[in-house]
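Student: With the input below, show me the fold.
(one chain, ligands or ions: 1)
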Amino acid sequence: MAGHSFDFDVIVVGAGVMGSCTAHAAASRGARALLLERFDLLHHLGSSHGESRTIRDAYPKAQYPPMVRLARRLWADAEAESGYSVLTPVPQLSMGPRTNASLVAAIRSSGAEEVDLAQRWGGAFRPPKDGWVTAVSEHGGGVLNATKAVAMFQALAVKKGAVVRDKTEVVGIKKGPEGGVVVTTSTGEEFRGAKCVVAVGAWTSKLVRSVAGGLELPIQPLHTMVLYWRIKPGREGELTAESGFPTFSSYGDPHVYSTPSLEMPGLIKINYDGGPRCDPDCRDWASGGGDVAEVVARWIDEFMPDHVETAGGPVSRQSCMYSMTPDKDFVIDFLGGEFGNDVVVGAGFSGHGFKMGPAVGGILAEMAIYGEARTAAEAGVELGHFRINRFEGNPLGNAKN
Ligand SMILES: Cc1cc2nc3c(=O)[nH]c(=O)nc-3n(C[C@H](O)[C@H](O)[C@H](O)COP(=O)(O)OP(=O)(O)OC[C@H]3O[C@@H](n4cnc5c(N)ncnc54)[C@H](O)[C@@H]3O)c2cc1C
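Tutor: Residues are numbered from 1 along each chain as shown. Just a heads-up that it's a prediction; the model follows:
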């Protein structure tokens, strides 16, 4: 693709799930790819670490199911190519007040069928008798082993010829003298690339602001918590992935989600979907998650009191970050301005991007290499929802393109 004056065809900044998948997708398409990560590979300071992420096809917004279907295909391809197993299929349960429009749309989009929870999972759930809907998508759910999945894509990227460097912080991206971009690191190293993909998660607003003349992307980092709760004695076997217990989303206030007992026997992950604002470079590790554990405990006491123990709080807590956009939709676009189509941004995954990683990586790589996301277009993925210019007029940002 690019002229020979460039060190690389595609330089990817950030080795979370999105950057790692992008580097793999670029190298798979014959591009000379460089993946740069500020911290150690597989570190716990961003958004892609841990043992589990939900994959589900129940989505309220129409733009996501085609992307999930494409991602599922690519997860399977990567598993086959690497020999790793990272996805455990389970059913997906969506539940909440029947009046919740997002829930109703998600059920419709996935073809989930209403079920009697008592018949299906014994007394594990205690939903309200009236006004509540509970629907299961039999083949739509699953649990992804997050850190292992990122490692898988990094290994595959290297196998395809990508260069991966960690402990390398990018501090500058400039237009190159002969076109393309020059990427500068905090130690003064420079890499010349035909194209650059920025996939720096919660650091996106900061990096884009500094490289793109003050352009403000309204991507707000949130401090979230991964919470593991003890399953009550004798109930452990009932809530396992192996026994067919589902991933679930409980809509309404609070929005709570869960993956079945899998990575830590005897414990189940039940989280709150959100958290307080944070600065990714200055986090309060002790209490940064706010009162989310109490919020989740109250939910458990109401809806799963016979199966999950809340006394003493969660057994294990891990900090993580969401990168929230005002509409919770992703940012997948060319940076524009003086960079035109030479810099592509993939960001703002708003707490639901992991499952889409391989699809997003393919999109970002193809936008960088070909100027358009061909595979996604063939799969019916509509990228118009993810443009930067949708933020124009938003009080949080003055993004332009
Ligand atoms: C608790 C929690 C639960 C979640 N659950 C789900 C779920 O069930 N299902 C789902 O689909 N999604 C889920 N998500 C969301 C999903 O994990 C994220 O959308 C996804 O991991 C975002 O990946 P990323 O690559 O954009 O960001 P990150 O993983 O943060 O990667 C960005 C990388 O860029 C690096 N970087 C930053 N600045 C620089 C720089 N200047 N130079 C070089 N490198 C840099 C960072 O160190 C980091 O490694 C969850 C997220 C959290 C936090």
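Student: from here on, contacts and neighbour counts on C-alpha atoms
Tutor: OK.
Student: Double-check Leu34 against Phe8; I have them as touching.
Tutor: Yes - between Leu34 and Phe8 there is a contact under C-alpha atoms under 8 Å: 6.6 Å.
Student: More neighbours: which of these two?
Tutor: Leu34 (26 against 22; other C-alpha atoms under 10 Å).
Student: Residues touching the helix or strand harbouring that one, excluding its own?
Tutor: According to DSSP states H and E, Leu34 maps onto strand 33-36. If you take C-alpha atoms under 8 Å, 6 or more residues apart in numbering as the criterion, strand 33-36 is touched by 8-15, 19-20, 23, 26-27, 161-166, 168-170.
Student: Strand partners (parallel or antiparallel) of it?
Tutor: Applying DSSP bridges, strand 33-36 is found paired with strand 8-13 (parallel), strand 163-165 (parallel).
Student: which residue ranges form the helices in the protein?
Tutor: 17-28, 64-82, 101-110, 117-121, 146-159, 204-211, 292-303, 357-370, 374-378 (DSSP state H).
Student: which helices and strands sit right next to the fifth one?
Tutor: Read that as helix 146-159. helix 17-28, helix 64-82, strand 163-165 (3 or more C-alpha pairs under 8 Å, 6 or more residues apart in numbering; DSSP states H and E).
Student: right, and these - which one's nearest Glu382?
Tutor: Smallest distance to Glu382 across the helices and strands packed on helix 146-159 (C-alpha to C-alpha): 8.4 Å, for helix 64-82.
Student: Kindly report the domain assignment for this structure.
Tutor: Domain assignment for the chain by automatic domain parsing gives 8-48+147-218+326-391, 90-140+221-324.
Student: Now, of the contacts of strand 33-36, which are buried?
Tutor: By neighbour count, with 16 or more other C-alpha atoms under 10 Å, those hold 8-15, 19-20, 23, 26-27, 161-165, 168-170 as buried.
Student: which residues touch Ala118?
Tutor: So Ala118 contacts Ala124, Phe125 (C-alpha under 8 Å, 6+ apart).
Student: ok, so what distance separates it from the ligand?
Tutor: According to C-alpha to the nearest ligand atom, to the nearest Å, Ala118 stands 25 Å off from the ligand.
Student: and if you look at Ile219?
Tutor: 11 Å.
Student: check contacts around that residue.
Tutor: For Ile219, the contact set (C-alpha under 8 Å, 6+ apart) comprises Ala202, Thr204, Ser205, Ser323, Met324, Thr325, Pro326, Ala347, Gly348.
Student: So which of the residues you listed wins on neighbours?
Tutor: Gly348 (31 neighbours).
Student: list the contacts for that residue?
Tutor: Gly201, Ala202, Ile219, Ser323, Met324, Thr325, Lys328, Asp329, Phe330, Val331.
Student: Would you check that Glu190 makes contact with Val181?
Tutor: No - counting by C-alpha under 8 Å, Glu190 stays clear of Val181, with 10.0 Å between them.
Student: Those two: which is more packed in?
Tutor: Neighbour tally, Glu190 and Val181, criterion other C-alpha under 10 Å: the higher count belongs to Val181, 24 against 15.
Student: Can you tell me, leaving aside adjacent residues, what's nearest to Tyr326?
Tutor: That one is not Tyr; residue 326 is Pro. In space, and not counting its chain neighbours, Pro326 is closest to Pro218: 7.0 Å by C-alpha to C-alpha, 6 or more residues apart in numbering.
Student: near the ligand, which residues of the stretch 201-350 of the chain show up?
Tutor: Counting by C-alpha under 6 Å from any ligand atom, the positions of the stretch 201-350 of the chain adjacent to the ligand are Gly201, Ala202, Trp203, Thr224, Met225, Val226, Cys320, Met321, Tyr322, Ala347, Phe349, Ser350.
Student: now the end-to-end length of stretch 168-181.
Tutor: Using C-alpha to C-alpha, to the nearest Å, the end-to-end distance of stretch 168-181 comes out at 17 Å.
Student: buried stuff in it?
Tutor: Residues of stretch 168-181 classed as buried: Thr168, Glu169, Val170, Gly172, Ile173, Lys174, Lys175, Gly176, Gly179, Gly180, Val181 (neighbour count, 16+ other C-alpha under 10 Å).
Student: what's the answer for stretch 32-46, then?
Tutor: 32-39, 41-46.
Student: okay, and for the chain, where does confidence drop off?
Tutor: The chain contains residues with pLDDT under 70 at 1-4, 393-401.
Student: try 50
Tutor: Scanning the chain for pLDDT under 50 picks out the ranges 2-3, 395-401.
Student: what's the burial count for Arg209?
Tutor: For Arg209, using other C-alpha under 10 Å, the count is 13.
Student: mind checking how far the nearest residue to it once chain neighbours are set aside is from the ligand?
Tutor: Computed as C-alpha to C-alpha, 6+ apart, the closest residue to Arg209 that is not its neighbour in sequence is Leu215, at 5.0 Å. Per C-alpha to the nearest ligand atom, Leu215 is found 16 Å from the ligand.
Student: gap between Leu215 and Ile388?
Tutor: From Leu215 to Ile388 the distance is 10 Å (C-alpha to C-alpha).
Student: Now tabulate the buried residues of stretch 168-181 in JSON lines and tack on distance to Glu81.
Tutor: As requested, the buried residues of stretch 168-181 are exported to JSON lines (distance: C-alpha to C-alpha, whole Å):
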{"residue": "Thr168", "distance to Glu81": "28"}
{"residue": "Glu169", "distance to Glu81": "30"}
{"residue": "Val170", "distance to Glu81": "31"}
{"residue": "Gly172", "distance to Glu81": "35"}
{"residue": "Ile173", "distance to Glu81": "33"}
{"residue": "Lys174", "distance to Glu81": "36"}
{"residue": "Lys175", "distance to Glu81": "36"}
{"residue": "Gly176", "distance to Glu81": "36"}
{"residue": "Gly179", "distance to Glu81": "35"}
{"residue": "Gly180", "distance to Glu81": "32"}
{"residue": "Val181", "distance to Glu81": "32"}
